[in-house]
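**Student:** just to be clear, the model below is a prediction. Sequence and coordinates:
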Protein chains: 2
Amino acid sequence: MTSTRATLLQVAERAGVSLASTSRALHGTGASPAMVERVRAAAAELGYSADAIGRSLRLKKTFQVAFAVADIGNPVYVEMMRAIHAVLEPHGYRVVVMTTGDTATSTTELVRSLNSGFVDGMIVSPLRTDDRLIREIQQAPVPVVVIGRAMDGRGISSVSTDSAGGIGAAVTHLHTIGRRRIGFLNGPLDTTPGASRQRGFHAAIEETAFERVDQEIAADFTVTAGLEAARALLARGPVDALVAANDLLAIGAIRAVRETGRSVPEDVAITGMDDTELGRVFQPSLTSVSLGSTERGSAAARIMLQLADDPDHEAQQVAVGPELVVRESTGGAP
Amino acid sequence: MTSTRATLLQVAERAGVSLASTSRALHGTGASPAMVERVRAAAAELGYSADAIGRSLRLKKTFQVAFAVADIGNPVYVEMMRAIHAVLEPHGYRVVVMTTGDTATSTTELVRSLNSGFVDGMIVSPLRTDDRLIREIQQAPVPVVVIGRAMDGRGISSVSTDSAGGIGAAVTHLHTIGRRRIGFLNGPLDTTPGASRQRGFHAAIEETAFERVDQEIAADFTVTAGLEAARALLARGPVDALVAANDLLAIGAIRAVRETGRSVPEDVAITGMDDTELGRVFQPSLTSVSLGSTERGSAAARIMLQLADDPDHEAQQVAVGPELVVRESTGGAP
DNA sequence: GTGAAAGCGCTAACAC
DNA sequence: GTGTTAGCGCTTTCAC
């Protein structure tokens, strides 16, 4: 925390050439080998590296992309961030993490902040969406890629998944292994994931013959909320299968089932969603519907790279299919 | 992705006043109420917000802080990042995530990249450290705060914890609950955490009477590596206690113990380290040594805020004490 | 191939 | 209290 940074002008003076030649020699093109050599040497002596801010101002490019989610601690978002970073970093882009807050309004404000031009684009996964947010995204001065709801026909790039279909796959699986009394543990219905999973469950139930169907809404998508909601659900009547809207709720549910002296999967088979590391290492390992967090993250980042290259490129849509991974919590292998 | 951004000059023209007055009215001080009102109105009409890059170039301040770790997916780092973000965001700082790679050399290069001036400071947790890295940190053009080893007397700010002492607390706890044959499951010894935990274990063992002491080094700090290493350790002879160098290794160890038909904690008591969410929700819940990831993250961020305000402020040292949290895996309550 | 000069958007002297 | 102007560090016309 002591040294001070050399400027391009200083390198130019040291090399005894013009500012323009120095710039060309270092980054641009059209400089003679001798010039390049000479400038390189001067730059090395001074420990020069180009100032990112000056460069950005001139180029109108920050080489930064924002990743915005409600909670950067959520394992699903962590996976996405990791994937996004892995795709963008080799292309020289930095990733700025931001939080949307959990309302559509606070997310709208965050998108609006793109007006200050600190990033070349934003990848955002809104927990809740409304028309104002949609409009703000459409009017944003830089490309925005939405991870979550499909945004076809609105001129917004999005990476979506079929979580409703994913719940369907879980329901079908439970029916196939002979379960007939099913419970559904969802999170808040006014969130994008909560709403679509709700739809998925009801659609699946209608197509499948269950003797008993029950449902409970947890306060949020956490283990603790899952535990409490599952207790309530179990108290209302016997089930032999539980579909949870994410892995954390599922783990709360496993605990609740065990509290009643019953076992998983023998007495109650349980499925989660998101296919997190947590579910994979848990005992019993969790049957879970993967929504391809990593894949969605990389896809969003790849779209961003395209859009950053050509901001007038038309909006891209990518859909990542859900995939059921059967493990111990429904009688599969570890 | 359509609109274009208004510039300060445009606001000035619209308001019919000078550029300087416009700037003062919006951000600075010394403008009359009438002027402020007039400029505000013009700015609002144009949907103006100040360009972050132009501002940064002039102020020589980016309002960005880098957080650099080997693997942003590691739960410990995620917790830190969350805490850092929570402290910095209200002060108007953005957080840029970066990866150090896992060698001292790659970390050194990352620190050197601070020369391009894209952030006002960096919080870094190096997996491995050498003299060149230390020197690079000392010479960095912006404040660097190290999370990990204490850096006293070198003019480097650091937030450290006593993981050696933490292992000691785990060993003592196991002895206190009557265990006498202990195994130690560590990660790679050439990493900073691996080395200090190794030291901690040996120091603790010397002070405590155990009948049998065994040890195994896992390939890395993961569940899978923990499982394999624990199998090897268990095969070498009977233990009634296992100290793992982190929660992931501990969970691998629980699985290995169960594979042999023994139970946790009755036959083998197990401790982890880091006190992660994973360990808290696992069954059995994991006795673990908390190293205060959240606390370390916030402390580092607070130091960064001070240093960003006053870059010549002298280096700060903060030590966060380890804390043993007893849970089911050593016979405690859930 | 090289140099001189303009200008990206902003703030802070400095004059009035 | 307001306006004029220089300049942060860089790239890129435009002449030569």
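**Tutor:** Thanks, I have it. Numbering: from 1, shown residues only, chains lettered A, B, ... in the order given.

**Student:** quick check: mean pLDDT across the helix or strand harbouring residue A:175?
**Tutor:** In the assignment (DSSP states H and E), residue A:175 maps to helix A:163-176. This predicted structure assigns helix A:163-176 an average pLDDT of 97.

**Student:** could you look up the next helix or strand downstream of it?
**Tutor:** Going down the chain from helix A:163-176, the next helix or strand is strand A:181-186, by DSSP H and E.

**Student:** what comes into contact with that following strand?
**Tutor:** Under the criterion CB atoms under 8 Å, 6 or more residues apart in numbering or on different chains, residues A:171, A:174-175, A:194, A:197-198, A:201, A:205, A:210-218, A:226, A:229-230, A:233-234, A:237-245, A:249-250, A:253 lie in contact with strand A:181-186. C-beta here means a position set from N, CA and C on the backbone, and glycine is covered the same way.

**Student:** surely residue A:188 is in contact with residue A:222?
**Tutor:** No. Look at residue A:188 against residue A:222 with CB atoms under 8 Å: they stay out of range, at 11.2 Å.

**Student:** what residues go with each domain of chain A?
**Tutor:** Chain A breaks down into these domains under automatic domain parsing: A:8-50, A:60-161+A:292-321, A:163-291+A:324-330.

**Student:** and the buried ones among the contacts of strand A:181-186, selectable in ChimeraX?
**Tutor:** To isolate the buried members of these in ChimeraX, using 16 or more other CB atoms under 10 Å in any protein chain shown:
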select /A:171,174,175,194,197,198,201,205,210,213,214,215,216,217,218,226,229,230,233,234,239,240,241,242,243,244,245,249,250,253
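
**Student:** just the closest residue of the stretch 201-334 of chain A to DNA strand D, please.
**Tutor:** Using CB to the nearest atom of the strand, the closest approach of the stretch 201-334 of chain A to DNA strand D is made by residue A:309 at 14.5 Å.

**Student:** in the helix holding residue A:175, what counts as buried?
**Tutor:** Of the residues in helix A:163-176, those buried by neighbour count under the rule 16+ other CB under 10 Å are A:163-171, A:173-175.

**Student:** next one: stretch A:308-324
**Tutor:** Buried-residue list, stretch A:308-324, by 16+ other CB under 10 Å: A:308, A:315-316, A:318, A:320, A:322, A:324.

**Student:** so which of these sit within helices?
**Tutor:** Taking DSSP state H as the definition of helices, those contribute residue A:308.

**Student:** closest one of the buried residues of stretch A:308-324 to chain B?
**Tutor:** Set against chain B, the nearest of those by CB to the nearest CB is residue A:315 (7.8 Å).

**Student:** which residues does the residue lying closest to the closest one once chain neighbours are set aside contact?
**Tutor:** Sequence neighbours aside, residue A:157 is the residue nearest to residue A:315 in space, at 4.5 Å (criterion: CB to CB, 6 or more residues apart in numbering or on different chains). Counting by CB under 8 Å, 6+ apart, residue A:157 makes contact with A:143-146, A:151, A:303, A:307, A:315-317.

**Student:** give me the phi and psi for residue A:157.
**Tutor:** Main-chain torsions, residue A:157, degrees, to the nearest 10: phi -70, psi 140.

**Student:** partner residues bridging it?
**Tutor:** Assessed by DSSP bridges, residue A:157 has beta-bridge partners residue A:145.

**Student:** now it: how far from residue A:75?
**Tutor:** 24 Å (CB to CB, to the nearest Å).

**Student:** with residue A:271 instead?
**Tutor:** Residue A:271 is 17 Å from residue A:75, where distance means CB to CB.

**Student:** higher neighbour count, those two?
**Tutor:** Neighbours per residue, other CB atoms under 10 Å in any protein chain shown: of residue A:271 and residue A:75, the larger number sits with residue A:271, 32 against 22.

**Student:** helices of chain A, start to end?
**Tutor:** Along chain A, counting by DSSP H, helices occupy A:8-15, A:19-26, A:33-46, A:52-59, A:75-88, A:104-112, A:131-139, A:163-176, A:192-207, A:223-235, A:247-259, A:277-281, A:293-309.

**Student:** quick one: the longest one to helix A:75-88, angle?
**Tutor:** Helix A:293-309 and helix A:75-88 are oriented at 40 degrees to each other (axes from the mean of the first three to the mean of the last three CA atoms, to 10 degrees).

**Student:** quick check: mean pLDDT of helix A:293-309?
**Tutor:** Mean pLDDT, helix A:293-309: 97.

**Student:** tell me what it is packed against?
**Tutor:** strand A:64-69, helix A:75-88, strand A:121-124, strand A:144-148, strand A:157-161, strand A:317-320 (3 or more CB pairs under 8 Å, 6 or more residues apart in numbering or on different chains; DSSP states H and E).

**Student:** to DNA strand C, which of the ones you listed lies closest?
**Tutor:** Nearest to DNA strand C, of all the helices and strands packed on helix A:293-309, is strand A:64-69, at 16.1 Å by CB to the nearest atom of the strand.

**Student:** just want the angle from the closest one to strand B:64-69.
**Tutor:** Strand A:64-69 and strand B:64-69 are oriented at 70 degrees to each other (the same axes, to 10 degrees).

**Student:** quick one: strands adjacent to strand A:64-69?
**Tutor:** According to DSSP bridges, strand A:64-69 forms sheet pairs with strand A:94-99 (parallel), strand A:121-124 (parallel).

**Student:** the closest residue to DNA strand D within the stretch 151-300 of chain A and residue B:98, how far apart?
**Tutor:** Per CB to the nearest atom of the strand, residue A:157 is where the stretch 151-300 of chain A lies closest to DNA strand D, at 26.1 Å. Distance, residue A:157 to residue B:98, by CB to CB: 25 Å.

**Student:** ok so, going back, adding distance to residue A:7, write the contacts of residue A:157 out as a markdown table.
**Tutor:** Shown next, in a markdown table, are the contacts of residue A:157 (distance: CB to CB, whole Å):
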| residue | distance to residue A:7 |
| --- | --- |
| A:143 | 32 |
| A:144 | 35 |
| A:145 | 36 |
| A:146 | 40 |
| A:151 | 44 |
| A:303 | 36 |
| A:307 | 33 |
| A:315 | 41 |
| A:316 | 40 |
| A:317 | 45 |
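
**Student:** I'd like the residues you listed as JSON lines, with distance to DNA strand C appended.
**Tutor:** JSON lines is the format used below for the contacts of residue A:157 (distance: CB to the nearest atom of the strand, whole Å):
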{"residue": "A:143", "distance to DNA strand C": "18"}
{"residue": "A:144", "distance to DNA strand C": "20"}
{"residue": "A:145", "distance to DNA strand C": "24"}
{"residue": "A:146", "distance to DNA strand C": "27"}
{"residue": "A:151", "distance to DNA strand C": "29"}
{"residue": "A:303", "distance to DNA strand C": "26"}
{"residue": "A:307", "distance to DNA strand C": "20"}
{"residue": "A:315", "distance to DNA strand C": "25"}
{"residue": "A:316", "distance to DNA strand C": "27"}
{"residue": "A:317", "distance to DNA strand C": "31"}
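
**Student:** many thanks, we can stop here.
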